[in-house]
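Participant: the following comprises the amino acid sequence and a computationally predicted model.
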Amino acid sequence: MGLQEKHSVIRKEGNIPETAPTPRKSYSLRLFSCRGDLTRNVINHPKIPKKEAVSVEKDLECSELTMNLERAVSMVSSSDSLTQCEYAVQEVARACSNLREDPNLGTWLSCPSFIQGLLEVTFTSKDDLVLECAILIIGELILSNEVNRQIVLNADPQLEVFLRLLRSKELFLKAAIVLYLMKPKAKQMLSLDWIPLVLHILECGDEVQFLSSVKCAPKVAALYFLDQLLMGFDVDRNVENAKQMIALGGLDLLMNRIDGSDSRESKKCISLLTSCIQADGSCRHYLVDNLKKEPIVQLLVGNQKKASSAALNLLSELVCLNRTTQILEFLKELKNGGCLNTMHILLVYLQQAPIAQHPLAAVMLLQLVLLGDSSQYSVYREEAIDAMVAALEHGSHSRKLQEQCARALLLLAGRFSSSGEPIAEAWLLKRAGLDDSLSESFRRTEIFKDKSARVEEEKIVEERLKKLALMLLNSGNKKFLTALSNCISDGIPSLARACLITVTWMSSSLSPLHGCNTFQPLACSILATKLVDSLSYDRVLEERVLASLSLLNLVRHPECLEKLYPLKKDTVESLQDLAEVTWTAKELLFACCR
């Protein structure tokens, strides 16, 4: 069990030195004999002749309970008899309830040898009454001081004793509470049995359990354990545990806990659902179809910042669907699903939340605005774009903000694989002809059984992106493009790449080929220099291709072509090199050199 066995000092007449300690193997349990050692006289009271009984009766009445406790503690600490140890555990449990105010009680029970012996009895005994007494004692020990908690964890480092208790049909809820008080970490929860056992606690754990001065619902313990199991290991083990939980029906249990729970419990459930999505993106569709949206949106209201942040993260994950029609259906349900004006809730959240949360909140609000008439003035649209611009302008100050801005811009592009990964870049590169290294992964995520369905999907995507680009241009105007340009110039890897992707799809959606002629002059004056710089050899190939596609979309407007011409020698050489992999470079050279 991880601790050295306590070795009692046997004293006879004369002084006999202590025997040398014998180490116990790690995680081993004491082999209890079938019968007790009657010569030890630990539990049994000493026999007193009848003539002496009267004279000692009063002394026994005063000391009997204490003597029983001392003997019981000694028995649990050292006896090899399971039967005697089981009786002793019950004696100690009775003493815990009768002598709670006794200052010596904690000292007697805090002995490491007693705690180890108690765990060994708990691991071995099949008597539910004994096990319940053991749970009570362990709980009292943990509540009394931090040292005892650590002794228990050291004595049972892989929580094998508690795994056995959690398998008990009668005692698993009480055992869950005691284990929760110990606050074990993921590294102690390595068994593959943890996920099913914890889900069983979550399913049955509504009724409050009482332990000494503590009362707690086992579902709270279950959520703590799931948090450790899904977030406390390295990425691979976290993903493995999340997939096991999904396979065992854990999504439904978590979804049922959100509605009607307090904000702390709801926050934990939402965070766990988000972890499941990140581990297995395919479960996103199941959640979109079955999860009630109103409780999630309502968590955005109020001063519970962690719960609000978790709710926003989950919503931003759920919108990453691989069909635009599904995205639109989800947004419509979110907007009209009985919530108290979802757009207003998001606006208030946007105004009150920390700046790191602004990008995701702004993008979610913009997508809801996009469902309406974008030609009419909307305070929601203006506030969302202003918040996005401000976040981009402050991106260099915070790595967290940079990551959130990059993620928000990829959400705007609205193209995702079946697992929810952004594929806007792969889609743009494919259009530019860079198809060799990315085509297989891209095709795997974009399979349509019906060719007409693919054509219809592309039509919806193009219409949505054009409408969104016009909205960003008309409302954001110069300030939005300037913020994108500055982020590209700053060269912060993930954010610069996301901004370049955004410029590319906007320029493609608003090119003269689509009947738009107002975007190019403004974009050229702000972005042309940065895009030309992105063609240089020190940039990765994908960025160079995206920059060439964006420039080609801009120079299709005569006014922009005049500003770019003539190209510098190193730019021409870079385009000639790119022409080997993308037709956009060839077209750009032809347009600028004719």
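Facilitator: Perfect, I can see it now.
Participant: all helices for the stretch 401-550 of the chain, in order.
Facilitator: 424-431, 439-445, 451-471, 477-490, 493-509, 519-533, 541-555 (DSSP state H, counting those that start in this stretch).
Participant: how far off helix 451-471 does the fifth one point, in degrees?
Facilitator: Pointing back at helix 493-509 there. For helix 493-509 against helix 451-471, the angle between stretch directions is 100 degrees (axes from the mean of the first three to the mean of the last three C-alpha atoms, to 10 degrees).
Participant: quick one: buried residues of helix 493-509?
Facilitator: Neighbour counts using 16 or more other C-beta atoms under 10 Å place 495-509 of helix 493-509 among the buried residues. All C-beta atoms are positioned from the backbone trio N, CA, C, and that covers glycine.
Participant: now do the residue most central in space within the chain against Gln188, distance only.
Facilitator: The residue lying closest to the centre of the chain (C-alpha atoms, centre = their mean) is Ser275, at 4.1 Å. Separation of Ser275 from Gln188 (C-beta to C-beta, to the nearest Å): 20 Å.
Participant: got a list of what Leu315 touches?
Facilitator: Listed by C-beta atoms under 8 Å, 6 or more residues apart in numbering, the contact set of Leu315 reads 296-297, 334, 364.
Participant: can you list the weak-confidence ranges in the stretch 351-500 of the chain?
Facilitator: 435-451 (pLDDT under 70).
Participant: which stretch among the helices of the stretch 401-550 of the chain comes nearest Phe114?
Facilitator: helix 493-509 (55.4 Å; C-beta to C-beta).
Participant: next one: that closest one to chain centre, how far?
Facilitator: Centroid separation for helix 493-509 versus its chain: 29 Å, with C-alpha atoms, centre = their mean, to the nearest Å.
Participant: take that helix, keep the C-alpha atoms, and write them as PDB.
Facilitator: Extracted in PDB, the C-alpha atoms of helix 493-509 (Å, rounded to 0.1, in the frame of the first residue of the first chain):
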ATOM      1  CA  PRO A 493       2.200  33.900 -36.600                       C
ATOM      2  CA  SER A 494      -1.300  32.700 -35.900                       C
ATOM      3  CA  LEU A 495      -3.000  36.100 -35.900                       C
ATOM      4  CA  ALA A 496      -1.200  37.300 -39.100                       C
ATOM      5  CA  ARG A 497      -2.200  34.100 -40.900                       C
ATOM      6  CA  ALA A 498      -5.800  34.500 -39.800                       C
ATOM      7  CA  CYS A 499      -5.900  38.100 -41.000                       C
ATOM      8  CA  LEU A 500      -4.400  37.200 -44.300                       C
ATOM      9  CA  ILE A 501      -7.000  34.500 -44.800                       C
ATOM     10  CA  THR A 502      -9.700  37.100 -43.900                       C
ATOM     11  CA  VAL A 503      -8.400  39.500 -46.500                       C
ATOM     12  CA  THR A 504      -8.200  36.800 -49.100                       C
ATOM     13  CA  TRP A 505     -11.800  35.600 -48.800                       C
ATOM     14  CA  MET A 506     -13.100  39.200 -48.500                       C
ATOM     15  CA  SER A 507     -11.300  40.200 -51.700                       C
ATOM     16  CA  SER A 508     -12.600  37.000 -53.500                       C
ATOM     17  CA  SER A 509     -16.100  37.700 -52.400                       C
END
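Participant: burial measure for the nearest residue to Pro422 once chain neighbours are set aside, as a count.
Facilitator: Nearest residue to Pro422, sequence neighbours excluded (C-beta to C-beta, 6 or more residues apart in numbering): Leu410, at 4.0 Å. Look at Leu410: counted by other C-beta atoms under 10 Å, it has 23 neighbours.
Participant: my guess is Leu410 meets Gly420, correct?
Facilitator: No - proximity of Leu410 to Gly420 does not meet the contact threshold set by C-beta atoms under 8 Å, at 11.0 Å.
Participant: looking at the helices of the stretch 401-550 of the chain, which is nearest to Leu136?
Facilitator: Using C-beta to C-beta, these put helix 493-509 closest to Leu136, at 53.1 Å.
Participant: what's the closest one packed up against?
Facilitator: helix 399-413, helix 424-431, helix 451-471, helix 477-490, helix 519-533, helix 541-555 (3 or more C-beta pairs under 8 Å, 6 or more residues apart in numbering; DSSP states H and E).
Participant: any chance of those in TSV, plus distance to Arg264?
Facilitator: Compiled in TSV, the helices and strands packed on helix 493-509 are given as follows (distance: least, C-beta to C-beta, whole Å):
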stretch	distance to Arg264
helix 399-413	23
helix 424-431	36
helix 451-471	36
helix 477-490	36
helix 519-533	46
helix 541-555	43
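Participant: which of these sits most buried?
Facilitator: Greatest average neighbour count among the helices and strands packed on helix 493-509 goes to helix 541-555 (a mean of 25), per mean count of other C-beta atoms under 10 Å.
Participant: what's downstream of that helix, the next helix or strand?
Facilitator: On the C-terminal side of helix 541-555, the nearest following helix or strand under DSSP states H and E is helix 558-564.
Participant: chain center to that following helix, what's the gap?
Facilitator: Averaged C-alpha coordinates place helix 558-564 at 49 Å from its chain's average position (C-alpha atoms, centre = their mean).
Participant: what sits up against it?
Facilitator: Under C-beta under 8 Å, 6+ apart, the answer for helix 558-564 is 520-521, 524-525, 528, 532, 551, 554-555, 591-592.
Participant: one step back: quick check: which element contains the residue nearest to the centre of the chain?
Facilitator: Assessed by DSSP H and E, Ser275 sits inside helix 263-279.
Participant: got any ranges where this protein has weak pLDDT?
Facilitator: Ranges of the chain meeting pLDDT under 70: 1-67, 97-106, 337-340, 435-451, 513-515, 593-594.
Participant: strands along that one, start to end?
Facilitator: 209-211, 214-216 (DSSP state E).
Participant: need the winner for burial among those strands.
Facilitator: Mean neighbour counts for the strands of the chain (mean count of other C-beta under 10 Å) peak at strand 209-211, with a mean of 16.
Participant: what packs against that one?
Facilitator: The elements that strand 209-211 packs onto, with contact taken as 3+ C-beta pairs under 8 Å, 6+ apart, are helix 128-144, helix 172-182.
Participant: CSV for the ones you listed, including distance to Val319 and mean neighbour count?
Facilitator: Below are the helices and strands packed on strand 209-211 laid out as CSV (distance: least, C-beta to C-beta, whole Å; neighbours: other C-beta atoms under 10 Å):
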stretch, distance to Val319, mean neighbour count
helix 128-144, 44, 21
helix 172-182, 34, 24
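Participant: I'd guessed Glu139 sits against Ser212; true?
Facilitator: No Glu there; residue 139 is Gly. Yes - applying C-beta under 8 Å, one finds Gly139 in contact with Ser212, separated by 6.1 Å.
Participant: distance to Phe114 added to the helices and strands packed on strand 209-211, as JSON lines?
Facilitator: Compiled in JSON lines, these are given as follows (distance: least, C-beta to C-beta, whole Å):
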{"stretch": "helix 128-144", "distance to Phe114": "9"}
{"stretch": "helix 172-182", "distance to Phe114": "17"}
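Participant: so which of the ones you listed comes closest to Gly232?
Facilitator: Comparing those under C-beta to C-beta, the one sitting nearest is helix 172-182, at 14.7 Å.
Participant: distance from the chain centre to the closest one, please.
Facilitator: How far helix 172-182 lies from its chain's middle: 23 Å, per C-alpha atoms, centre = their mean.
Participant: can you check stretch 160-178 too?
Facilitator: The answer for stretch 160-178 is 25 Å, by C-alpha atoms, centre = their mean.
Participant: now do stretch 347-354
Facilitator: 23 Å.
Participant: again, but for stretch 481-492
Facilitator: 31 Å.
Participant: now swap in stretch 522-533 and tell me
Facilitator: For stretch 522-533, the distance to the chain centre is 40 Å (C-alpha atoms, centre = their mean).
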